[in-house]
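A.B. asks: would you be able to build a 3D model of this:
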Amino acid sequence: MPEQQSSTSFIPRDGGQTNRIRRAETGGLLELMILVSIVLFVASGALGIGMFLYRQYLQASTASKVDQLERATAAFEPTLIKELTRLDDRMRAASDILERHIAPSALFGMLEKTTLQTITFRSLTLDAADPQKMSVKMEGAANSVNSIAHQADLFSKIGMINNPIFSDIDRQSDGVYFTLSALLNPGMLSYAALQRGLAPELPQVGSVPPSPSQQPPASPFEAPGTTEPSPDEPSPDDLSPDELSPDELSPDEMFLE
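C.D. replies: Numbers count the residues shown, from 1 in each chain. Purely as a prediction, here's the structure:
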């Protein structure tokens, strides 16, 4: 029986199989990377094409809308629109001016209707630097102190003159001189309010005729040292209201007449 010869080798028998496995793994990873690169390239190309098409669409849409706007603007006649815009600006400016405008004629009309015939104003100073804080100062003369009291009461009730103050009362032989200072109601001097008919109607007042035979009664305005009535003349306290002259009536009794 022949003897079997054994051969000894230092080269591993599975070396070729290992190399094949390594080459297969390397080739699979490379193919995966190539596939991913191809997918990314295709996606980038598709995205770029989509962006280009969308940009073209936006440009075409913008051009179409601009053309529509130009046609619509031409249909509305731009020249007419500019004229109407300027007219609107002028009307707004005129309205603002009228709202701030004051009418001094309202003050003069009030003085004409409410000033007693026994009162004479000789000067008038109107301060309208601030339309919300207008004031007036007048100097005048009256036949008696009662006329001044009656006039002060009238001004207080009308509403156009606020807080009338009569000062510098000076009784002389030809009358009683005084100075009137007061604030004015801006709402009743507004030109716009007068045009809208919001100004109140002012009554026509009468006069307070003087009585030369009798001295007026004492009043807060009367200066000290006035003469007393003679004993032969009846005292005003002893007379009935019908027998008293208008100068001897108090402001409340004057209104009761």
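A.B. asks: could you use CA atoms for every contact and neighbour count after this?
C.D. replies: OK.
A.B. asks: distance of L80 relative to R86?
C.D. replies: Using CA to CA, to the nearest Å, L80 is found at 10 Å from R86.
A.B. asks: correction: V36
C.D. replies: Taken as CA to CA, the span from V36 to R86 is 67 Å.
A.B. asks: what sits against the closest residue to H101 other than its chain neighbours?
C.D. replies: Leaving out its chain neighbours, the residue that sits closest to H101 by CA to CA, 6 or more residues apart in numbering is Y191, at 5.8 Å. Contacts here follow CA atoms under 8 Å, 6 or more residues apart in numbering; on that basis Y191 touches 98-103.
A.B. asks: give me the low-pLDDT residue ranges for the stretch 151-257 of the chain?
C.D. replies: 197-257 (pLDDT under 70).
A.B. asks: switch to 80 and redo it
C.D. replies: 187-257 (pLDDT under 80).
A.B. asks: circling back to that earlier point, now the contacts of Y191: which count as buried?
C.D. replies: When these are checked for burial by 16 or more other CA atoms under 10 Å, the buried set is 102-103.
A.B. asks: what's the most distant pair in the contacts of Y191?
C.D. replies: E99 and A103 (10.9 Å; CA to CA).
A.B. asks: give the intersection of the neighbour lists for those two.
C.D. replies: What both E99 and A103 touch, as defined by CA under 8 Å, 6+ apart, is the set 190-191.
A.B. asks: list the contacts of the strand or helix carrying R86.
C.D. replies: Assigned by DSSP states H and E, R86 belongs to helix 78-100. Here helix 78-100 makes contact (CA under 8 Å, 6+ apart) with 131, 190-192.
A.B. asks: show me what counts as buried in the following helix or strand past that helix.
C.D. replies: As assigned by DSSP H and E, the chain's next helix or strand after helix 78-100 is helix 104-114. The neighbour-count check on helix 104-114 (16+ other CA under 10 Å) flags 106-107, 110, 114 as buried.
A.B. asks: distance to L58 and pLDDT added to those residues, as TSV?
C.D. replies: Output for these, formatted as TSV (distance: CA to CA, whole Å; pLDDT from 0 to 100):
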residue	distance to L58	pLDDT
A106	66	83
L107	68	84
M110	72	86
T114	77	86
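A.B. asks: okay, buried residues for stretch 125-135 please.
C.D. replies: Per 16+ other CA under 10 Å, stretch 125-135 contains these buried residues: 131, 134-135.
A.B. asks: what segments of the chain are strands?
C.D. replies: 119-127, 135-142, 161-172, 175-184 (DSSP state E).
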